[in-house]
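In: Using only what follows, build the 3D model:
(chains A and B)
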Amino acid sequence: MDDSDENQDPELETFGRLVREHQASVRAFILSRMNDPFEAHDLAQETFLVAYRKIGEIDTNRPIRPWLMGIALGLVRNHWRKHRAQPVGIGDEITALLEARIADEKSVWKEGPVFEALEHCEAKLGESARQLLRLRYEEGLEISEIVSSAGAKHSAITMKLHRLREKLRDCIENRLGKAVAYG
Amino acid sequence: MDSAERNRLLAEFLDGNLSEEDSSLLLQELQADEDFQDGAAGELMVERLLGQKPFSAEAFERQVMSTVRDAQSSDDLTDDVLVNLKRYRGQQNRRTTFAIGLAAAAVIAVGLFITYQVATDPSSSGFPTQVVERVDDPEPPTAVLTRAIDVEWSHKNRFQADVGNPTEGWLNLDSGVIEVTFSSGATVTAEGPGRLRIDSPLKVVSRCRVAVHCPPSAYGFTVDFEGGKVIDLGTEFAIDPQPEGRTQVHVIDGEVIVALTNEEEVVLKKQNLTDKSAVTLDPASGEIKTSTFDSDSFKSLQRSHLLKSQPIKLQFDLGHRAGVYRGIDAPGHAAGDFFAHENHWTQIVGDQSGTFVMADGNVCPHPIKVDYGHGDGEIDWDATPVDPWGKVHEQAQGIFKSALCQDHRPWDEDLGLRVSGLPAGTYRVYALCRSARRPGAFYEVSFGTNLDRQLPNPIEIPPMDREAIPQWEAGVTYEVEDVEVTGEEDGVTFITRYSRERSVRSTEHHGRSVLLGLQIVQIR
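Out: I've put the predicted structure just below:
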């Protein structure tokens, strides 16, 4: 038997299933506390690596997700300690205010199946809307680059993206079971 | 502050363009209104989730497991880790068993429902109701192979026309030209040798010469290649791999962004490129250099050229209703002369001429004339297309019931169809003539050009070996012949006649000549 083959290693396969099952929640949990998409991605990976080494310490009769979130939170705090200066700008204050709101116990955003909901809601958008999101978030184009190619004004693209995010937000919240009316 | 101004502030904040002064205003607004705070928090979260788009769940899992495998080989895992993983495996297996149980219950329930439907559906009382499968999948495939010209596939098995969900692998071409049409509307024409991988409606990975045409619906279409990518901004462009890892990009029309990327597909350098210009991307030197624009070398790959040179494929269904419908269960498909996406049928109710839709849904570039006729011995091509009883079949309800089976054109003597306007070439003609009501019918049929009567030695179609076959069935209900056409005036003709002498009668009434459908494909 070749131990390097995941398919032939039942322990690795079991852990792979745990990753599959919980990765979306862990990533969403970390995203609700971090602005940097790359750091958030790295910390989510780190969460599972720590979990793999420490999985012998837990009571398997209890749900594993809170334990994973605990690891994720510890890693996020460590990251803050090492890399994040105290908020000085007003932008940081706004971010902190909104993150606290997301972390509120009533919030649906913390650790639910948000990626799945996002995928569902994106599929409902029109083709041009999906393309704009793709250029901005998948291809990583700056708004100025989109502006020059689309021939639209900077403010028009900014507001279009805003409206799309609003639409996705409403759709995701509805899908996650919380219909919210914003004034 | 009105909501429009609030929205502007929030939009600019999330895009990272809000001034310090405006940030103060936004903070005040947020602190004063919890609902606005909730909405803004949700939008911030959407922004962050969208920012994770480059990291798919599959890639995330793959990366974690790759690191875990490395750790496993270098770390001494404690027994506790292994014990707990075994416990989790047990839990997972129990959940799987439960899920399979639920699925089995669902299958049984669906089976019962279908049984009930069949038992209670009056149209299922032993009489055929549908021959051609209706195609109305609301989820179109990511991409479809729409042309294959002189192609040699590297695959061992024959390539399937419907690409379906092709993210698993590459289309490997030894030679020839293929055209793939994406659900976004983009078309990619690729020339072998090389390979192509379809990732999404807006993304393809290429390792061969390609020409790409993007309508507005495919704005942002991306072609990844070794060491770089091209992002469409509404255009037509071509990509030509060069020796030593270099790649040339030629913009035929519109504008693109060309980019050099590293192995992780991170953009290292990029620039916009407008029409009638070309560049060479060199990953080794990290440079994007201007090249000589040359559209002629890509002419054979351009969509406009392919549309003119594509083989003609037409499908006619004869019955009592006009229009176009889609179906794929027909002999030409079974024989491989029609691909799954070539599913458009034109219904013929009599003489018709003008512009026809081809099997793939494109408009036929040649005006076509279809003559229906009947007679005793000699066909009268101006005869009125009526049932010998002078009435429309009552069963001809709805176009899908008519498809190649229950609804048809009948006549007591010779019955024919003639199609002219086709360019010179060799055409393979599949003709369906059978009677679902009279499986014992024996037909004599003729194929040719400009025929007015049966050939001296017509082809014989013997009776079906069992009654009331509910669908078209290979080998028992059709004939196929190749017909030479020398020019537009030639009419590809099919004539059929019910044989009173040789048919096996199961009722008092004689059977009739029937025409169900005709599939015509240009093979040379």
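
In: Just the element for the one residue sitting closest to the centre of chain A, please.
Out: For chain A, the residue nearest the mean C-alpha position is A:A28 (3.5 Å; C-alpha atoms, centre = their mean). For A:A28, the host element (DSSP states H and E) is helix A:10-31.

In: Verify the stated contact: B:L301 with B:A211.
Out: Yes. Contact criterion C-beta atoms under 8 Å: B:L301 and B:A211 qualify, at 3.7 Å. Every residue, glycine included, has its C-beta placed from N, CA and C.

In: which residues are common contacts for the two?
Out: B:189, B:238 (C-beta atoms under 8 Å, 6 or more residues apart in numbering or on different chains).

In: Between those two, tell me which one has more neighbours.
Out: B:A211 (27 against 21; other C-beta atoms under 10 Å in any protein chain shown).

In: which residues pair with the more buried one across the strands?
Out: B:T189, B:A238 (DSSP bridges).

In: Repeat that for B:D253.
Out: B:E236.

In: so who does it touch?
Out: B:D253 neighbours (C-beta under 8 Å, 6+ apart): B:235-237, B:275.

In: so what pLDDT did it get?
Out: If you check B:D253, the pLDDT there is 91.

In: Please apply the same query to B:H509.
Out: At B:H509, pLDDT is 67.

In: A:L31 too?
Out: A:L31 is given a pLDDT of 86.

In: need the contact list for it.
Out: Contacts of A:L31 (C-beta under 8 Å, 6+ apart): A:37, A:40, B:45, B:48-49, B:52.

In: In chain A, what residue comes closest to chain B?
Out: A:G56 (2.7 Å; C-beta to the nearest C-beta).

In: that's a helix at that residue, yeah?
Out: Yes. Under DSSP: H, G, I helix; E, B strand; the rest coil, A:G56 falls within a helix.

In: Neighbours of it, how many?
Out: Neighbours of A:G56 (other C-beta under 10 Å): 16.

In: try A:I146
Out: 21.

In: swap in B:G361?
Out: For B:G361, using other C-beta under 10 Å, the count is 14.

In: again with the one 10 residues further on
Out: Applying the criterion other C-beta under 10 Å, we find 20 residues in the vicinity of B:D371.

In: Chain A: helices as residue ranges?
Out: All helices of chain A, identified by DSSP state H, fall at A:10-31, A:37-54, A:65-83, A:90-103, A:114-123, A:127-133, A:143-150, A:154-175.

In: And chain B, by the same measure?
Out: B:3-14, B:20-32, B:34-50, B:57-74, B:79-120, B:303-309, B:331-334, B:399-402.

In: For those, which has the smallest mean pLDDT value?
Out: Across the helices of chain B, helix B:399-402 gives the lowest mean pLDDT, at a mean of 37.

In: Pull the contacting residues for the closest residue to B:N262 other than its chain neighbours.
Out: Once flanking residues are discounted, B:N262 sits nearest to B:L268: 5.8 Å by C-beta to C-beta, 6 or more residues apart in numbering or on different chains. Contacts for B:L268 (C-beta under 8 Å, 6+ apart) come out as B:259-262, B:286.
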